[in-house]
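1. fold the following for me, if possible:
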Amino acid sequence: EGDYYKSLQPLIKKIQQKICDDSKSVFFINNKEVAKKVQKDFGEVAVYIDADSKNKDIIDDEYVVYRSIVASERFSSKVLICTSVFDNGVNFKDDKIKSVFIGADDMVTFKQMLGRVRLPRYDSKNYSVDVYFINYNEEYFTKKLNGYRNLLKELNTFKESSDKIKIFNNALKSN
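-> Numbering: from 1, shown residues only. Now for the predicted structure:
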């Protein structure tokens, strides 16, 4: 979490310098804690929403922003920060969106998030959006792969065990 947040600082500073112009930015961040920190970095010009926003109280800012996006495919703030699991079928159709950060580490999720930004095509203007992402290195993916291998090994041990309750209890004890 710390490195991920730290790696976003140059982009946050770059976007903060553009706040006074007419552009908007979207940040897709998987980690809710990091997303909320980024929102604090931007202050009043940013809003945060996630999949739970649609279930908030009707007067809650997150709910109001969510409903506005669903109804108009736009948001009024300069910066929108949301999780990648925000809500299927919710898109943004706003030619003021000039920057998109996608924190996904797999191609399918990356494409899904990028596809949420639907640029209007009604007046034959050319639109461009800057897309930012983390350039994950081989070490990152090796650690992730090893984590999945360990999980698979534990699941196979559990599956093959004749005393599943004992293994389950040992797993609970060791967290």
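2. now do the longest helix anywhere in the chain: distance to the chain's middle.
-> Identified as the longest helix of the chain according to DSSP state H is helix 138-160. Counting by Cα atoms, centre = their mean, to the nearest Å, helix 138-160 is centred 24 Å from the centre of its parent chain.
3. show residues contacting stretch 149-156.
-> Ala171 (Cβ atoms under 8 Å, 6 or more residues apart in numbering). No exception for glycine: its C-beta is placed from N, CA and C like everyone else's.
4. helices along the chain, start to end?
-> Under DSSP H, the chain gives helices at 2-17, 32-42, 61-72, 107-115, 138-160, 164-173.
5. run the angle between the longest one and helix 164-173 for me.
-> So that's helix 138-160. Helix 138-160 runs at 140 degrees relative to helix 164-173, counting by axes from the mean of the first three to the mean of the last three Cα atoms, to 10 degrees.
6. what's the mean pLDDT across helix 138-160?
-> Helix 138-160 shows a mean pLDDT of 88.
7. quick one: buried residues of that helix?
-> Applying a neighbour-count criterion of 16 or more other Cβ atoms under 10 Å, one finds nothing buried in helix 138-160.
8. list the residues that contact Arg116.
-> Counted by Cβ under 8 Å, 6+ apart, Arg116 has contacts Val26, Phe28, Val90, Asn91, Phe92.
9. out of those residues, which one has the lowest pLDDT?
-> Val90 (77).
10. ok, that one to Lys18 distance?
-> 24 Å (Cβ to Cβ, to the nearest Å).
11. show me what the worst-scoring helix or strand of the chain on mean pLDDT packs onto, helices and strands only.
-> The weakest-scoring helix or strand in the chain, judged by mean pLDDT, DSSP states H and E, is helix 164-173 (a mean of 79). With contacts defined as 3 or more Cβ pairs under 8 Å, 6 or more residues apart in numbering; DSSP states H and E, helix 164-173 has these neighbours: helix 138-160.
12. quick one on the thing from earlier: quick check: angle from the longest helix of the chain to helix 2-17?
-> 130 degrees.
13. where does pLDDT dip in the protein?
-> For the chain, applying pLDDT under 70 flags the ranges 1-2, 84-89, 120-126, 175.
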